[in-house]
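*Asks:* Let's see this in three dimensions:
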Amino acid sequence: MITTKNLIRHELIGLKVEIENSFNKFHKEIKGLVVDETRNLLIIETRKGIKKIQKKGTNFIFTIPNGKKVKVDGSIIAKRPEERIKLRVKKW
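*Replies:* Numbers count the residues shown, from 1 in each chain. Model prediction:
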């Protein structure tokens with residue numbers, strides 16, 4: 001079960017996401033569904049098509065299944081999904 005505390009160690013594919021801010025000014029206010037993930041990118045399906053967003057330098061707001069929104073700094077999740085499972089973070 002995804003919670004606000006274990007989100008960064010959980011699977012992100014299938015979650016709704018929006019970009020809070022980014023180094024790239026064209027990425028602001030992108031919203032959509034995470035359809036794939038690599039070490040450095042989140043691939044998001046939006047109304048305007050597929051967008052590839054770099055994790056580092058971007059702040060994301062994920063909506064977990066219970067409806068709560070969680071802000072995540074992209075540099076924390078800039079790892080392969082299988083590496084994030086082992087991640088130990090005291091406070092993020």
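*Asks:* for stretch 37-50, which positions count as buried?
*Replies:* Judged by neighbour count using 16 or more other CB atoms under 10 Å, the buried positions of stretch 37-50 are E37, L41, L42, I43, I44. Backbone N, C-alpha and C define where each C-beta goes, glycine included.
*Asks:* For that stretch, give me every contacting residue.
*Replies:* Outside stretch 37-50, the residues that touch it by CB atoms under 8 Å, 6 or more residues apart in numbering are 12-13, 17, 30-36, 51-56, 60, 74, 78-81.
*Asks:* coming back round to it: now the buried residues of stretch 37-50 as TSV including distance to I2, secondary structure and pLDDT?
*Replies:* Shown next, in TSV, are the buried residues of stretch 37-50 (distance: CB to CB, whole Å; DSSP: H, G, I helix; E, B strand; the rest coil; pLDDT from 0 to 100):
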residue	distance to I2	secondary structure	pLDDT
E37	15	strand	94
L41	21	strand	95
L42	16	strand	95
I43	19	strand	97
I44	18	strand	97
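*Asks:* Please report how far the residue most central in space within the chain lies from H10.
*Replies:* The residue lying closest to the centre of the chain (CA atoms, centre = their mean) is F60, at 5.4 Å. To H10, F60 is 13 Å away according to CB to CB, to the nearest Å.
*Asks:* Now do the same contact list for the spatially closest residue to L87 that is not a sequence neighbour.
*Replies:* In space, and not counting its chain neighbours, L87 is closest to R9: 5.6 Å by CB to CB, 6 or more residues apart in numbering. By CB under 8 Å, 6+ apart, the contact set of R9 is R84, I85, L87.
*Asks:* Mind checking which of the residues you listed are in helices?
*Replies:* Judged by DSSP state H, those include R84 as members of helices.
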